[in-house]
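1. Pasted the sequence and its predicted model underneath.
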Amino acid sequence: MKSKKELNDEYNRLQSQYSKLGKNLEEALKSFLEAEKIPYLSVYHRVKDFESYFEKVGRKNYKDPFNETEDICGIRIICYYASDIEKIENIIKKELNVLESENKSDSLGLKEFAYRSVHNIVKINDNWTATPNYRGLQNYKAEIQIRTILMHAWAEIEHKLNYKSDAQVPFNFQRKLFRLSAKFEEADEQFEELRDGITEYRKDIAEKTRNENKFDVTQDFNLDSFLAFLNFHFPEMPPAEGFYLNTTFEDAVKNDITFAELEEDIKFIKPYIHEIAEDLKKNGYTNQVDEMPTEIIGFSRQVLGKEDYKATNQNWKFVIEKWMKKLK
């Protein structure tokens, strides 16, 4: 085995290449996930520091350290749902040269609590070297770990506890660790079931509304049904989202406003929407109101005297008062 100084010299010579590989793979993986519309919490890389590398070489008794150490460059992908792990793995297999693949869960016994994660050892494909960013990196390996948020949380806690296996844990603490590990795994499954249930719920509302060509105003008032309500009444407009959607919904809940009441307000103001939007624009109001369902609702309720308008933007206030007189 090489001396520590020899390994350090070689490490210093190659570190910049591993850093370059990690940075470029991180950006590439983010692009792949976004293209496939797979949500993720984070994608990040790190290059193992020399002392960690040296400790591993000695512990594993490597004869050819730089070829045998496969995680000098490490990349971690943290996603939201367990089912996305397989999708991400398929992207990695399609885009990169996968040398090894391991699902850590497969090696766990029924009573083991070690962290769950999917690891892939990869190299870039030769054709990537046509891009300057990857030139000269074709012989360097990287380890890509894929975890859910809960897998990641468990791994971080486990790292802090500093137990690598159940055999290392004092007997009187083992049961608690086994139970906690099972709860993390169960929570991963239940979050996925919750997501699927919510997706199906949204689909059912939209399908029922489309089939009946009317919105059921007696249904439960929640953010998903409220969004479906807006999409039904304003199908030609961009979907409501973000601040305006949440604020309008919370105000409706706070004031016990029903779908039936909102539907009446919309029917009252709908014939004048484009004219109102033009008036607001002429008076310096910057939002394109005839493309914003939540602002149409706000305008209609203020014109009808159901909400106070006097503390609003001066341009908006002027147009409200004009239309109050006009619609008397």
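-> Yep, it's here.
2. Spell out, range by range, the strands that occur in the stretch 151-300 of the chain.
-> Using DSSP state E, counting those that start in this stretch, the stretch 151-300 of the chain contains no strands.
3. Low-confidence ranges, it, go.
-> The stretch 151-300 of the chain contains residues with pLDDT under 70 at 162-167, 169.
4. Helices along that one, start to end?
-> With helices called from DSSP state H, counting those that start in this stretch, the stretch 151-300 of the chain shows them at 171-212, 223-233, 242-254, 259-269, 273-282, 293-303.
5. Among those, single out whichever gets nearest to residue 98.
-> Closest approach to residue 98 among these is made by helix 171-212 (24.0 Å; Cβ to Cβ). The C-beta positions use only the backbone N, C-alpha and C, and glycine is treated the same way.
6. Between helix 223-233 and the closest one, find me the angle.
-> 20 degrees (axes from the mean of the first three to the mean of the last three Cα atoms, to 10 degrees).
7. How far away from the center of its chain is helix 171-212?
-> 16 Å (Cα atoms, centre = their mean, to the nearest Å).
8. Next: stretch 32-48.
-> Distance of stretch 32-48 from its chain centroid, counting by Cα atoms, centre = their mean, is 10 Å.
9. And for stretch 224-242?
-> Here stretch 224-242 is found 22 Å from its chain centre; the criterion is Cα atoms, centre = their mean.
10. What residues sit buried inside that stretch?
-> Of the residues in stretch 224-242, 225-234, 237, 240 count as buried by neighbour count, 16 or more other Cβ atoms under 10 Å.
11. Also stretch 82-92?
-> Buried residues in stretch 82-92, counted by 16+ other Cβ under 10 Å: 82, 84-85, 88-89, 91-92.
12. Just the ones in helices from the residues you listed, please.
-> 84-85, 88-89, 91-92 (DSSP state H).
13. and of the residues you listed, the nearest to residue 120?
-> Nearest to residue 120 among these is residue 92, at 5.4 Å by Cβ to Cβ.
14. so what's that closest one closest to, chain neighbours aside?
-> Leaving aside its sequence neighbours, residue 92 sits nearest to residue 120 (Cβ to Cβ, 6 or more residues apart in numbering; 5.4 Å).
15. sec struct for that neighbour, please.
-> Under DSSP: H, G, I helix; E, B strand; the rest coil, residue 120 falls in the strand class.
16. Run a quick neighbour tally on it.
-> 22 (other Cβ atoms under 10 Å).
17. coming back round to it: any chance of CSV for the ones in helices among the buried residues of stretch 82-92, columns pLDDT and distance to residue 259?
-> Converted to CSV, those look like this (pLDDT from 0 to 100; distance: Cβ to Cβ, whole Å):
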residue, pLDDT, distance to residue 259
84, 95, 34
85, 94, 39
88, 97, 40
89, 95, 43
91, 97, 42
92, 97, 46
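18. What are the boundaries of the helices in the stretch 1-150 of the chain?
-> With DSSP H, counting those that start in this stretch as the criterion, the stretch 1-150 of the chain has helices at 4-35, 50-60, 65-68, 83-95, 149-161.
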